[in-house]
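**Q** give me the fold of what follows.
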Amino acid sequence: MVRVFSVPWRRILCPCSWGLLLAFPLLLPAAQAAKRKPNRVNLKSLSLEELGQIKVTTETKEPTEVWNTPSAIFVLTQEDIRRSGVTNIADALRLVPGVNVERVNGSRNWAVGIRGLGDQYSKYVQVLIDGRSVYTPLFGGVLWTINNVMLEDIDHIEVIRGPGGTIWGTNAVNGIINIITKSAADTHGGLVSTGFGNVDQDTESLRYGGVNHGLNFRAYGTGFVRSAEYHQDGQPAYDWSRLGQLGARTDWTRGRDRMTLQGDTYLGRFGDAESLSTYAPAATFISYAPTDAAGGNILGRWRREMGNGSDLYLQAFWAVDHRIGSNFGENRNTFDVDFLHRTPATRHQQFTYGAGARLSPSAVKQVQPADTFTPLQKTDAISSGFLQEELDPLPGKVSFTVGAKLEHDTYTGFNYQPNGRLLFTPSGKLSMWASVSRAVRVPDRVDEDIRVDIYVPPVWGRLIGNHNLRAETLVAYEGGFRTLLRPNFFLDFAAFHNQYHDLIAQGPPTLVPPPVPPFMPGTLLIQFQYLNGIRGATDGAEIAPDWKAATWWRLKAGYSYLHLNLEDKPGFTDTLTLTTLRGSSPNSDTFLRSMIDLARNFEFDQTIRYFGSLPAQGVKSYVTGDARIAYHPANHLELSLTGENLFQPHHAEFGIDPGPNVLIERSVYAKLVWTP
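**A** Next up, the predicted model:
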């Protein structure tokens, strides 16, 4: 791969990064001056009291204040994202307690998990962009690189730690991440953003918005080029990525009606490495052919407010995705419609009901004979209905929510997902909550339909899917509180006990007669099949303090603890999957953020992160830090320099096949944002 520039970054990064961190004591006098003379640049920053008053929609699909949300919800604001200096959504999620984020193979993919069971496809997490699910039934997960959002367009990110199946349905098991972009009414005018660095080599964004006869609109283009990370063994530096994206959004408000129409289209190419096998001759090799991806989506949403807390909500979207790599390709269309009606509230109760349907036809293109799906074409379908009641025996103090969703899907038939939630708000500065809920994850095409043959001399191994799998289930018990202890100190705490049943695992080996062809006579074939074979529990807690130490200095922190107790079901033995699940989530991780407003329109932000070991991924625990310094020479211009992973030249974060692990490098990134 041709690099955009050739600067000896490793020679200058270490002194620059430590210079940023060690400059902190020297900048304190300037910070005190900033306290006496506020910056002329008035960037949006919420007070701690306003933090609890943010309207969130993920927990119920209805706007609700954080204070009145009976779940472990965390809001990552636009200001949090901007001042972190990150260049992508996955890295921004490192700032959320209870969310584990690891780069899998450098610049190409991330493992994002919530409360354990993490893997590179985020299988147990429902990810939404403006309420549009980006969870693919192909492998039951998320491709973070192609689900790109222009960071300046994000209003906030809502993260629910814990299940949300009653509202969002299948696959909202361990948590929900909803990336919410700004209304077009908030993005009038132009914006130009450009950045470059040693890993994020080139990032460009352009946006323009306005209003015409009451119709707010914006259009944008964004793209990036990311280089490969550090390779240990002289392999080709394959883990690069390039993507370009265009999109537009319109918002219209008329009387009681609010309407949104938005869409995006993308085109990308990503470096890749795949272990592939051939039948004649029997051999295994590594392919470094890139993966090509293209697609787009269009979404429409309508909401009508009907008075007395009642409203109607209707959303529909169509998405198309095309991917082809060295092992196989897929074309997929997804059609989704979602309806909700919240009835007028009485003094002590309110009903909400809704229905939804999704149709997702796909066709797999076979590239290698040893990698295929049976059948090649399949249509995934889900239909659902739900009913929820909110009871207020003591209005403004105690509320109880009970509801359930009934779904029917292509893979497992009918599934139910009930929940009950209790909220106690004795004052406007304290809310406590508890909940019991059930959620399911249905099998995906890999679990049911895959057939992969791998040659490990002198024998062949075959992994096949299973059309008789049951849904994986979770029963979760949660509780927590959030409080404003003082006007300058906010605290959020949550604890949980999760019970899992029927987790899908790779079954024991079975010797089977190999078909001839494609195998040569005398071939030894050992077969593995996916089965529902693991059960167990996880326990843990998360705490997130937020302290405004001074008018010019804010500290945020997060700590999460996780204990896994998983085992094979009676009569089932699978060491591989069990070891992987046990050793792919950290027992603890923590972060501490410092955000300082300096004199003369400077900002100085630092983050220190600790991440526990992942034995199954060959990753040791590590501590690293990021630092960002920014300057606003004018009200509409920002210049920033960010250093990431400053404490080591490189470190491992997650395992990869074929190995060895790709190591994540120390990096620096410069950025300019102009809003003319």
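**Q** can we go C-alpha only for contacts and neighbour counts from here?
**A** OK.
**Q** may I see the buried residues of stretch 349-360?
**A** Of all the residues in stretch 349-360, those buried under the rule 16 or more other C-alpha atoms under 10 Å are 349-360.
**Q** ok, residues contacting stretch 317-333?
**A** Contacts with stretch 317-333, where a contact means C-alpha atoms under 8 Å, 6 or more residues apart in numbering, come from 132, 274, 276, 287-300, 334-337, 360-368, 371-372.
**Q** report the backbone C-alpha coordinates of that stretch in CSV.
**A** Below are the C-alpha coordinates for stretch 317-333, written out as CSV (Å, rounded to 0.1, in the frame of the first residue of the first chain):
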residue,chain,number,x,y,z
PHE,A,317,-36.2,2.1,6.0
TRP,A,318,-34.6,0.2,3.1
ALA,A,319,-30.9,-0.7,3.1
VAL,A,320,-28.8,-2.5,0.6
ASP,A,321,-25.3,-3.9,1.2
HIS,A,322,-22.9,-5.7,-1.1
ARG,A,323,-19.6,-7.3,0.1
ILE,A,324,-17.2,-9.6,-1.7
GLY,A,325,-13.9,-10.9,-0.4
SER,A,326,-11.5,-13.8,-1.0
ASN,A,327,-13.7,-16.3,0.7
PHE,A,328,-17.3,-15.4,-0.4
GLY,A,329,-19.5,-12.5,-1.2
GLU,A,330,-23.1,-11.4,-0.2
ASN,A,331,-25.8,-9.1,-1.6
ARG,A,332,-28.4,-8.2,0.9
ASN,A,333,-31.5,-6.0,1.0
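**Q** can you redo the buried residues of stretch 349-360 as CSV with pLDDT, distance to Asn498 and secondary structure?
**A** Formatted as CSV, those follow (pLDDT from 0 to 100; distance: C-alpha to C-alpha, whole Å; DSSP: H, G, I helix; E, B strand; the rest coil):
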residue, pLDDT, distance to Asn498, secondary structure
Gln349, 89, 29, strand
Gln350, 91, 29, strand
Phe351, 93, 28, strand
Thr352, 94, 27, strand
Tyr353, 95, 27, strand
Gly354, 95, 27, strand
Ala355, 96, 27, strand
Gly356, 96, 27, strand
Ala357, 97, 28, strand
Arg358, 96, 28, strand
Leu359, 97, 31, strand
Ser360, 96, 30, strand
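**Q** circling back: and the contacts of stretch 317-333, which are buried?
**A** So, by 16+ other C-alpha under 10 Å, the buried ones in those are 132, 274, 276, 288, 290-300, 334-337, 360-366, 371-372.
**Q** would you map the helices across the protein?
**A** Per DSSP state H, the chain carries helices over the ranges 9-22, 24-36, 48-52, 78-84, 89-92, 165-168, 445-449, 575-582.
**Q** lowest-confidence stretch among those helices?
**A** Ranked by mean pLDDT, the helices of the chain bottom out at helix 9-22, which scores a mean of 39.
**Q** who's Thr222 bridged to?
**A** On the basis of DSSP bridges, Thr222 is bridged to Ser205, Gln245.
**Q** can you give me the neighbour number for it?
**A** Counted with other C-alpha atoms under 10 Å, the neighbours of Thr222 add up to 22.
**Q** the longest strand seen in the chain pairs with which strands, parallel or anti?
**A** Secondary structure of the chain per DSSP state E: the longest strand is strand 525-550. Strand 525-550 sits in its sheet next to strand 459-464 (parallel), strand 489-506 (antiparallel), strand 510-512 (antiparallel), strand 553-568 (antiparallel), going by DSSP bridges.
**Q** mind putting those strands into TSV with mean pLDDT, mean neighbour count and distance to Leu525?
**A** Formatted as TSV, those follow (pLDDT from 0 to 100; neighbours: other C-alpha atoms under 10 Å; distance: least, C-alpha to C-alpha, whole Å):
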stretch	mean pLDDT	mean neighbour count	distance to Leu525
strand 459-464	95	18	5
strand 489-506	96	20	16
strand 510-512	93	12	6
strand 553-568	96	19	25
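**Q** turn the ones you listed into CSV, including distance to Val398.
**A** Shown next, in CSV, are those (distance: least, C-alpha to C-alpha, whole Å):
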stretch, distance to Val398
strand 459-464, 51
strand 489-506, 19
strand 510-512, 57
strand 553-568, 28
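**Q** can you tell which of those strands is closest to Arg535?
**A** Between Arg535 and the strands paired with strand 525-550, the shortest separation by C-alpha to C-alpha is 4.6 Å, and it involves strand 489-506.
**Q** pull the closest one out as CSV, backbone CA atoms only.
**A** The C-alpha coordinates for strand 489-506 follow below in CSV (Å, rounded to 0.1, in the frame of the first residue of the first chain):
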residue,chain,number,x,y,z
PHE,A,489,-20.6,16.2,41.2
PHE,A,490,-22.8,13.6,39.4
LEU,A,491,-22.6,9.9,40.1
ASP,A,492,-24.1,7.0,38.1
PHE,A,493,-24.0,3.4,39.4
ALA,A,494,-25.4,0.1,38.1
ALA,A,495,-25.1,-3.6,39.1
PHE,A,496,-26.3,-6.7,37.3
HIS,A,497,-26.7,-10.5,37.4
ASN,A,498,-27.2,-12.2,34.0
GLN,A,499,-28.2,-15.8,33.4
TYR,A,500,-27.6,-17.3,30.0
HIS,A,501,-29.0,-20.4,28.4
ASP,A,502,-28.5,-22.3,25.1
LEU,A,503,-25.4,-20.3,24.0
ILE,A,504,-24.3,-21.6,20.6
ALA,A,505,-20.9,-23.4,20.6
GLN,A,506,-18.8,-25.6,18.4
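**Q** what angle do that strand and helix 575-582 make?
**A** 170 degrees (axes from the mean of the first three to the mean of the last three C-alpha atoms, to 10 degrees).
**Q** quick one: low-confidence ranges for this protein?
**A** For the chain, the stretches flagged by pLDDT under 70 are 1-46, 106-107.
**Q** of all the strands paired with strand 525-550, which one is nearest Val446?
**A** strand 459-464 (8.6 Å).
**Q** from the rest of the structure, what touches the closest one?
**A** Strand 459-464 is contacted by residues 447-455, 523-530 when judged by C-alpha under 8 Å, 6+ apart.
**Q** hmm, try it at 10 Å
**A** 277, 279, 282-283, 370-374, 446-455, 506-507, 509-512, 514, 519, 523-530 (C-alpha atoms under 10 Å, 6 or more residues apart in numbering).
**Q** drop anything exposed from these.
**A** Using 16+ other C-alpha under 10 Å, the buried ones in those are 277, 279, 282, 370-373, 446-455, 506-507, 509, 514, 519, 524-530.
**Q** one step back: and the buried ones among the contacts of stretch 317-333, which of them are in strands?
**A** Using DSSP E, the buried ones among the contacts of stretch 317-333 in strands are 132, 274, 276, 291-300, 334-337, 360-366, 371-372.
**Q** among the strands paired with strand 525-550, which is nearest Phe400?
**A** Phe400 sits nearest to strand 489-506 of all the strands paired with strand 525-550, at 18.2 Å, using C-alpha to C-alpha.
**Q** done for today, thanks.
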